[in-house]
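In: Provide a 3D model corresponding to the input given below.
(one chain, ligands or ions: 1)
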Amino acid sequence: MRRLLVVLSNIIRLPKRFFSKVSILALLSDSQVDETAAICAGARFYRSRLGRYSYVGRTTFITNTNIGNFCSIAGGCNIGGTGHPLHWVSTSSVFHKWDNILKKHFARHEYDIFQQTTIGNDVWIATNAMIKAGLTIGDGAVIGMGAVVTKDVGPYEIWAGNPARLIRKRFDDETIARLLKTRWWDWPDEKISRYGAVTTDVEKFLEKWEKEEGKKKGKKEAKK
Ligand SMILES: CC(C)(COP(=O)(O)OP(=O)(O)OC[C@H]1O[C@@H](n2cnc3c(N)ncnc32)[C@H](O)[C@@H]1OP(=O)(O)O)[C@@H](O)C(=O)NCCC(=O)NCCS
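Out: Numbers count the residues shown, from 1 in each chain. Model prediction:
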């Protein structure tokens with residue numbers, strides 16, 4: 001029944017999809033997608049939020065996940081997902097209260113199958129990566145193709161493999177701290193465009209921002 005409702009609610013919204021970046025062949029349920037964000041064909045996006053200028057690739061499956069701005073999520077990924085009880089007699093879904101594909105219940109015990117997963121801003125998740133439910137992936141992080149991520153990933157860290165391990169960080173710690181301070185992914189479009197020319201040079205980008213911030217601070221102090 002629930003599946004039917006999801007399909008129906010997607011069909012009702014089809015006309016709107018023609019004017020958005022969400023494919024008519026993607027399935028969405030109880031989710032929030034920014035108008036600048038995109039979701040490709042075959043993706044399923046349930047009980048999740050997709051931030052500004054972020055995208056989700058073909059056939060990727062995401063549930064209960066809060067995704068920030070400017071994230072690139074490739075095809076074939078699996079993020080979040082529901083859990084099964086490990087400490088009961090059985091892990092089968094036929095013993096808890098939630099609907100299951102077997103359409104059978106021997107009991108309806110309380111069980112929290114959903115765990116919230118958090119993906120920060122400017123995160124790149126490459127093809128076929130899997131991220132366990134409940135984890136936090138920090139701003140600027142990279143998850144390699146085919147990774148199986150079972151632990152939290154810090155800001156600007158690159159993780160890959162099965163189980164995924166830290167390969168290296170994108171930048172040194174001082175640069176990471178400076179980048180995090182900018183929170184550039186929350187800036188208005190006009191400001192990001194203004195910095196467009198220096199986005200290939202992290203040092204120049206940071207110097208420009210720090211100079212502007214310094215000026216702003218100086219003006220504020222002068223007013224006091
Ligand atoms: C994770 C990634 C970004 C790292 O790139 P990189 O910094 O150039 O990494 P390197 O090739 O220098 O590899 C560094 C080490 O990590 C390992 N490694 C890199 N990617 C890996 C992966 N996906 N899985 C397992 N190990 C990986 C390398 O074997 C190497 O190991 P070593 O130090 O023992 O020799 C890249 O390998 C990757 O997965 N790219 C995704 C490409 C993709 O899927 N594109 C389409 C979607 S947009």
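In: from here on, just use CA atoms for contacts and neighbour counts.
Out: OK.
In: can you list the domains in this structure?
Out: The record's domain parsing of the chain by automatic domain parsing lists 2-80+115-170, 187-224.
In: gap between the two ends of the shortest one?
Out: When you say that, I think you mean domain 187-224. Domain 187-224 has an end-to-end distance of 26 Å (Cα to Cα, to the nearest Å).
In: mean confidence score for the lengthiest helix in the chain?
Out: Taking DSSP state H as the criterion, the chain has its longest helix at helix 202-223. Averaging the model's pLDDT scores along helix 202-223 yields 90.
In: mind listing what's buried in that helix?
Out: Under the neighbour-count criterion of 16 or more other Cα atoms under 10 Å, helix 202-223 has 205-206, 209 buried.
In: which one of those residues is nearest Leu166?
Out: Relative to Leu166, the closest of those is Leu206; by Cα to Cα it sits at 25.2 Å.
In: correct me, but that closest one touches Leu180?
Out: No: Leu206 lies out of contact with Leu180 (Cα atoms under 8 Å); the separation is 10.4 Å.
In: now whichever residue of the chain sits closest to the ligand. Nearest residue, chain neighbours left out?
Out: Going by Cα to the nearest ligand atom, the ligand is nearest to Gly144 of the chain, at 3.3 Å. The spatially closest residue to Gly144, leaving aside those adjacent along the chain, is Ala160, at 4.5 Å (Cα to Cα, 6 or more residues apart in numbering).
In: just checking, the one you found touches Lys169?
Out: No: using Cα under 8 Å as the test, Ala160 is too far from Lys169 to be in contact (11.9 Å).
In: higher neighbour count, those two?
Out: Ala160 (20 against 17; other Cα atoms under 10 Å).
In: need the contact list for the more buried one.
Out: Contacts for Ala160 (Cα atoms under 8 Å, 6 or more residues apart in numbering) come out as 143-149, 166-167.
In: filter those down to just the ones in helices.
Out: Going by DSSP H, the helices hold none of these.
In: which of the residues you listed are buried?
Out: Among those, those classed as buried by 16+ other Cα under 10 Å are 143-149.
In: closest one of those residues to Tyr111?
Out: The nearest one, if we look at the buried ones among the contacts of Ala160 relative to Tyr111 and count by Cα to Cα, is Val149, at 23.9 Å.
In: quick one: name the residues of this structure near the ligand.
Out: For the chain, the residues in contact with the ligand (Cα under 6 Å from any ligand atom) are 74, 126-127, 143-147, 160-161, 167.
In: okay then, goodbye and thanks.
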